[in-house]
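**Q** have a look at this prediction, sequence included:
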Amino acid sequence: MHMQLVFLSALGLLFIRLLLYFYHLTTSPLKDIPGPFLARFTKWWYFYRVFRGHFERDNISLHRRLGPIVRIAPDHYSINDPSAIKTIYGIGSNFPKSDWYEGWKHPSPDRWTLFPERNMKRHAETRKRFQSMYSMTSLVSYEPYVDDCADLFETRLREFAQAERELDIAHWFQCYAFDVIGHITFGERFGFLDRGEDINGALAALQNTMVYSTLIGIFAKWHPILFGPMSRFKWSGAAGRAFIMKFVQGIISRRKAKEPEEGEISRDVSGPQDFLGKMMQAHRENPEKVTDYHIFMMGQSNIIAGSDTTSISLSSILYYLVHNPETMRKLRDEIAQFDAEGRCDIKTTFKQSQEMPYLQAVIKEALRMHSATGLPLWRVVPDGGSEISGRFFPAGTVVGVNTWVAHYNDDVFADAMKFQPERWLDAQRDPKNLKDMEAYYMPFGLGSRTCLGKHISILEMSKLIPRVVRLFEFQPVERGWDTLNYWFVKPTSFKLRVRLRGTDGKTVSSDWI
Ligand code: HEM
């Protein structure tokens, strides 16, 4: 009898829920917005599509078929309209990140981090406190660390060239990006470039974290329930996050143990100074403003947000160069010309790289064609609702623009499927076109949540690309590549043959044997 009562109450509750659900469905002002049939009722459609690992393609094709606003899940709308950018992401827009970002943090409220932070006040305060460490003027203090890693990267490529062995350059870019971010953040390289292997399983741990966070975020309520039990399994993304946290804590403790006394600290700000050094100095000066938790949290953010993103972007730049020989030729011509004028060293300085228009256009266009992140940047419509793309969206609706959808919009980027660095140079003569493209160009996100490490990643890319392109020739082993999108759209492999171009870095060698 007792069991029967429980069963009937559960059934009753389910029925009421279904009724409310259908009431919402039929009265919603957004009910006529098109989308896959299942997406009207459940998030499982979105989950399944993301799980397959190619959501950027699904998202583009949905918009091509169904127009600028598409339903992806109940109350979740993907937008493809340049006019929506300012409303959703503009500074002061007040659209917080959605609960999808919950999956990117430890479930404990005390263990918040910057990237998934949904409390807009705490986010703004924290960001303001640390943004000078990521500024253009700070880059000078990080440049020697990048040079160190670029030296090692060059050595590894020379070895592959000499041994006439093909290499997975996506993997080596990952080694480079990890070592650079380790060096810049903690003053020590992790050693990936020395060994070329996944030391202590850190790369795998990060990848597992990506998959876990991307998927669990879709059903964010499950994250606090599943995180604990799943952390026990080494292969799981939850364990991956725990691994990275321990890894970062370990480095910080080692560094603290080595830290000199207050009086011994060098105040030479013109020399290289890593992130941790800067943070620890700020902590000593004002321990309440820069706490131990801040030091840990920002260090961890750099590793998670700044390694794969940069390596994917480097792969993308080289991918489009090796598949577009004419672009490669033009880039080499620019490098040779700047070299002849004494304006481009082998270890290209950041300043020199910024003066090379074709190099910058190549980087920009490659990041348009293949952006590191490939899911909509979900935000919640604030109180009072909002008009987006000619429709009124009630408060609480989740809306987002996917970088890939924006970048493949033919109205903004003519012939968007085509890799054309020249579009950025030609647009200099057409300010309206340039303004439109810039406004819908978002590889680093937008507005108050735009990438904090953007300048650092541009430093890493701008220095390495001219160096390898002038010293080496590359031949792709296969045309095209495969990618997997678990938030980061990662190439699964990118195999190349590599050959030295000649000691002067100018000789173009004969055909591949
Ligand atoms: C080419 C390389 C990179 C790309 C394409 C990239 C892309 C992005 C994007 C798209 C966002 C915004 C995500 C959103 O709105 O949901 C973001 C945020 C962020 N990125 Fe990057 N990133 C790169 C490199 C880096 C590096 C090197 C660092 C650190 C040194 C970094 C640190 C961060 C942080 C801390 C945030 C969160 C900012 C906030 O919420 O205020 N990123 N990045």
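**A** Now that the structure is in, tell me what you want to look at.

**Q** pLDDT score assigned to F275?
**A** Among the per-residue scores, F275 holds a pLDDT of 92.

**Q** neighbours around it, how many?
**A** The tally of other residues near F275 (other C-beta atoms under 10 Å) stands at 25. From N, CA and C alone the C-beta is placed, and that goes for glycine too.

**Q** now N94
**A** 14.

**Q** and for S108?
**A** 9.

**Q** any idea how far it lies from I388?
**A** Distance from S108 to I388, counting by C-beta to C-beta, to the nearest Å: 34 Å.

**Q** same check on S493?
**A** 39 Å.

**Q** same thing with I458?
**A** Counting by C-beta to C-beta, the gap from I458 to I388 is 31 Å.

**Q** please identify the helix or strand for whichever residue of the stretch 51-200 of the chain sits closest to the ligand.
**A** In the stretch 51-200 of the chain, the residue that lies nearest the ligand is F115 (3.9 Å; C-beta to the nearest ligand atom). Following DSSP states H and E, one finds F115 outside all helices and strands.

**Q** residues in this structure within reach of the ligand, list them.
**A** 114-115, 127, 301-302, 305-306, 309-310, 313, 372-373, 377, 443-445, 449, 451-453, 456-457 (C-beta under 6 Å from any ligand atom).

**Q** quick one: the residue of the chain found nearest the ligand from K418, how far?
**A** In the chain, the residue that lies nearest the ligand is G453 (2.0 Å; C-beta to the nearest ligand atom). Separation of G453 from K418 (C-beta to C-beta) stands at 29 Å.

**Q** and these two? Which one has more around it.
**A** Comparing G453 with K418 by other C-beta under 10 Å, the one with more neighbours is G453, at 20 against 11.

**Q** who touches the closest residue in space to the more buried one that isn't next to it in sequence in this structure?
**A** Using C-beta to C-beta, 6 or more residues apart in numbering and skipping the chain neighbours, the partner closest in space to G453 is G306 (4.7 Å). Going by C-beta atoms under 8 Å, 6 or more residues apart in numbering, G306 touches A177, I181, T185, G453, I456, S457.

**Q** mind checking the SS state of the fifth one?
**A** What that stands for is I456. At I456 the chain is in helix, as set by DSSP: H, G, I helix; E, B strand; the rest coil.

**Q** coming back round to it: and the pLDDT for the residue of the stretch 51-200 of the chain closest to the ligand?
**A** At F115, the pLDDT value in this model is 96.

**Q** tally of neighbours for it?
**A** Number of residues near F115 (other C-beta under 10 Å) recorded here: 17.

**Q** cool, and the one 4 residues further on?
**A** By other C-beta under 10 Å, the residues close to N119 number 13.

**Q** before we move on, what about T310?
**A** 26.

**Q** how about L38, what does it touch?
**A** W44, W45.

**Q** which strand or helix spans I88?
**A** helix 82-89.

**Q** can you list contacts of that helix?
**A** By C-beta under 8 Å, 6+ apart, the surrounding residues in contact with helix 82-89 are 79, 93, 95, 377, 379, 386-389, 399-401, 406, 409, 412, 436, 439-440, 442, 445-449.

**Q** again, but for stretch 465-476
**A** Stretch 465-476 has contacts (C-beta under 8 Å, 6+ apart) with 150, 153-154, 157, 161, 169, 314, 317-318, 321-323, 328, 331-332, 335-336, 339, 344, 346-348, 353, 356, 359, 362-363, 494-501, 505-506, 508-509, 512.

**Q** now do stretch 92-106
**A** Applying C-beta under 8 Å, 6+ apart, the contact partners of stretch 92-106 are 86-89, 111-113, 115-118, 120, 212-218, 220, 223, 227, 241, 245, 378-382, 386, 398-400, 447-449.

**Q** quick one: W378 from L318, how far?
**A** Distance, W378 to L318, by C-beta to C-beta: 31 Å.

**Q** right, and I335 touches C344 too?
**A** Yes: I335 lies in contact with C344 (C-beta atoms under 8 Å); the separation is 5.8 Å.

**Q** so what's in contact with the two at the same time?
**A** Residues touching both I335 and C344 (C-beta under 8 Å, 6+ apart): M356, P466.

**Q** how are the helices of the stretch 201-350 of the chain distributed by residue range?
**A** For the stretch 201-350 of the chain, helices defined by DSSP state H, counting those that start in this stretch occupy the ranges 202-216, 223-231, 237-258, 275-285, 292-306, 308-322, 325-340, 350-354.

**Q** give the contact list for F413.
**A** Residues near F413 by C-beta under 8 Å, 6+ apart: R368, H407, R423, M437, Y440.

**Q** can you get me a residue count around the residue lying closest to the second one once chain neighbours are set aside?
**A** It refers to H407. Among residues not flanking H407 along the chain, R368 sits closest, at 4.7 Å (C-beta to C-beta, 6+ apart). A count of neighbours around R368, defined by other C-beta under 10 Å, yields 27.

**Q** quick one: what helix or strand has R368 in it?
**A** With secondary structure defined by DSSP H and E, R368 is part of helix 357-369.

**Q** need the residues that contact the next helix or strand after that helix.
**A** The helix or strand immediately downstream of helix 357-369 is strand 379-380, counting by DSSP H and E. Applying C-beta under 8 Å, 6+ apart, the external contacts of strand 379-380 come out as I88, Y89, F95, P96, K97, S98, G396, T397, V398, V399, G400.

**Q** with stretch 286-305 instead?
**A** Outside stretch 286-305, the residues within contact range by C-beta under 8 Å, 6+ apart are 112-115, 126, 129-130, 178, 181-182, 184-186, 206, 209, 244-245, 247-249, 251-252, 275-276, 279-280, 282-283, 451-453.

**Q** ChimeraX command to pick out the buried ones of those?
**A** In ChimeraX syntax, the buried subset of the contacts of stretch 286-305 is picked out as below (16 or more other C-beta atoms under 10 Å):
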select :112,113,114,115,126,130,178,181,182,184,185,186,206,209,244,245,247,248,251,252,275,276,279,280,282,283,451,452,453
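
**Q** where does the stretch 151-300 of the chain dip in pLDDT?
**A** For the stretch 151-300 of the chain, residues meeting the criterion pLDDT under 70 lie at 260-271.

**Q** repeat that for the stretch 401-513 of the chain.
**A** For the stretch 401-513 of the chain, the stretches flagged by pLDDT under 70 are 503-513.

**Q** for the one residue sitting closest to the centre of the chain, which non-adjacent residue is closest in space?
**A** Nearest to the mean C-alpha position of the chain, by C-alpha atoms, centre = their mean, lies T309 at 4.0 Å. In space, and not counting its chain neighbours, T309 is closest to A372: 4.2 Å by C-beta to C-beta, 6+ apart.
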